[in-house]
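1. just coords:
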């Protein structure tokens, strides 16, 4: 059990709520994750309870609890918050030094964050009001291809033919997929095409320069996205350990830095 | 963005605002009365159109873009736009146009608060396409609907330098309008009356500029959000003595605030510039969000669109032509970039916010790489917000809030040394 003060970060995402705890020296003690569901505060409470249990940290040792993610302002007991742009950049910087570009692909949004050599964010871009290029797009494509979302990577791995899909609108791309199925295209090829569509859409958002770090749930669960990103930009893409929890890690470090 | 978590107690409103409310009410009821009682000819005019000709000929003037903004701010727009879409006006064109035509079809107007049942019916519609082509299409709808003349100026767009040849061409178009306007007004154009209208427009423009420039002070006494309300008379009463009187009042009050070091916000940590249209249906929410972040939006391209430096009563028509062409919205990327660089320096801003309005390509200045070029040349951080002037379906509250908060975090991390100091 950690005796000194600890700092908890909670990333309230659209699909999952993640949490991380670091000690006063910045050592990561544990992470946890639960489904967000429809009750954001309850999910946050559950994940913190789980986190502290795993880390064997007593609640009284928590010096600060900072939040990030879309539900960041809805979590009781939070002492402060940072946006997910800030949290993901900070989290990535725990593993890679700047200058770098963070590509975060979440359930409902995608972000490109530029960080300079001093570790300061210099710009960011989020997707427009549209699900294309996000995890929701892949969910929709999995539905059209009649596989659970967890089965999409294995399906795409069997692809033999490159197919180009639209990347502008999730609904229209879904219709396009149905048309291609009717034409006899193989689901495996369409699954790979869906991943290529996500990558294409994300890279249309902003120019990607320098070291590239990919984070978020989509990257964690769909490694083909990383492979296709590398193919598209022609260089290696770093996926940090705990890519899905990186926002929680980042905001926990932000809490610790503020206390220092 | 229904509420904000960080809130700040607003500074007390402007004393002048009580006069502003009276003036706007008098304007709407005055035009309505003229339309109903036929006591004066009524014209509709585009917001930066040649209104001085109408003033000189005794028209009461109504500005449908102002009506569009009211439809957006009152959120009636969302209820009525679909009516216009259904008769062939695309959701991708100007949502002022679709809001206004939709409101007409649905028989709704936010002017009901002034006792009006509809926008006053005109005897003539006068446009200038110096801002966009939509205004002409918008007016032609009503021209067909009411069988009234639609006249106007087909202007130049995307001008690099404003050359004499451009001014000559627009002057000739203005001269050619006169007989049509005289026919509806039932009187000849009095050159002295035109000079007076231009003189008043110029005075109004100078005073309005003075009000806006008060926010070069630290802290800024007037935010972009305040200014979108305060600019009412500069839009709908340009060319009248009442507008000039109002801005003398407001300018004096702003000077008092500057002298006393009173800002529009309780605390001003950062200063931003806003380019593009307001998001009318979220004006108050955005004002509150920025205030909560102790960030003052101190200047904007939009509110400066009613500053007409070229107007000169000694040469009325030619100066009106030049003024209409020198506007930011009518210019090419080069002059736009230089303008934004100059404004960033003058108002010592820490960042630029570009609103990319889905249905307003002519007043969305991020679509040809300008934001990226400015970031490089001026070293001022830039944020792009996706949204729209009236169609809130194109705007995500949550995403906008995250974008804005993240931008302010970026400014915080850059440190106080960077605040206002990013200028070459």
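-> Sure, I can see it. Just so you know, these numbers come straight off a predicted model, no measurement behind them. Numbers count the residues shown, from 1 in each chain, chains lettered A, B, ... in the order given.
2. From here on, just use CA atoms for contacts and neighbour counts.
-> Will do.
3. All the helices of the stretch 51-200 of chain B, residue numbers only.
-> Taking DSSP state H, counting those that start in this stretch as the criterion, the stretch 51-200 of chain B contains helices spanning B:51-56, B:64-73, B:77-86, B:95-106, B:134-146, B:164-185, B:191-213.
4. Now do the domain split for chain A, please.
-> Chain A resolves into domains spanning A:6-87+A:244-259, A:98-239 when parsed by automatic domain parsing.
5. With distance to chain B and mean pLDDT added, can I get these in CSV?
-> Output for the domains of chain A, formatted as CSV (distance: least, CA to the nearest CA, whole Å; pLDDT from 0 to 100):
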stretch, distance to chain B, mean pLDDT
domain A:6-87+A:244-259, 6, 96
domain A:98-239, 6, 91
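6. With mean neighbour count added, can I get the ones you listed in JSON lines?
-> As requested, these are exported to JSON lines (neighbours: other CA atoms under 10 Å in any protein chain shown):
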{"stretch": "domain A:6-87+A:244-259", "mean neighbour count": "22"}
{"stretch": "domain A:98-239", "mean neighbour count": "19"}
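7. Just put those in CSV and tack on distance to residue B:30.
-> Putting those into CSV (distance: least, CA to CA, whole Å) gives the following:
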stretch, distance to residue B:30
domain A:6-87+A:244-259, 47
domain A:98-239, 42
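8. Out of those domains, flag the one nearest residue B:255.
-> domain A:98-239 (35.8 Å; CA to CA).
9. so how far is the first residue of that closest one from its last?
-> 15 Å (CA to CA, to the nearest Å).
10. ditto for stretch A:214-228
-> End-to-end distance of stretch A:214-228: 12 Å, with CA to CA as the criterion.
11. Tell me how many other residues crowd the residue of the stretch 151-300 of chain B found nearest chain A.
-> At 12.4 Å from chain A, residue B:293 is the closest residue in the stretch 151-300 of chain B, using CA to the nearest CA. Residues near residue B:293, counting by other CA atoms under 10 Å in any protein chain shown, number 20.
12. shouldn't it be in contact with residue B:409?
-> No - with contact defined as CA atoms under 8 Å, residue B:293 does not reach residue B:409; the gap is 9.4 Å.
13. Contacts only, for the residue nearest in space to the middle of chain A.
-> For chain A, the residue nearest the mean C-alpha position is residue A:216 (1.5 Å; CA atoms, centre = their mean). By CA atoms under 8 Å, 6 or more residues apart in numbering or on different chains, residue A:216 lies in contact with A:104, A:105, A:106, A:243, A:244, A:245, A:246.
14. Dump those residues to a markdown table, plus secondary structure.
-> A markdown table is the format used below for the contacts of residue A:216 (DSSP: H, G, I helix; E, B strand; the rest coil):
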| residue | secondary structure |
| --- | --- |
| A:104 | strand |
| A:105 | strand |
| A:106 | coil |
| A:243 | coil |
| A:244 | coil |
| A:245 | coil |
| A:246 | helix |
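15. from the residues you listed, which is closest to residue A:59?
-> Distance to residue A:59, by CA to CA, is smallest for residue A:245 among the contacts of residue A:216, at 20.6 Å.
16. in the chain, which spans are strands?
-> By default, I'm working from chain A. In chain A, the strands defined using DSSP state E lie at A:6-12, A:16-23, A:28-35, A:62-69, A:80-81, A:100-105, A:110-115, A:121-126, A:211-215, A:237-238.
17. Please refer instead to chain B.
-> Using DSSP E, strands in chain B cover B:42-45, B:60-62, B:124-128, B:150-153, B:270-275, B:295-300, B:351-357, B:382-387.
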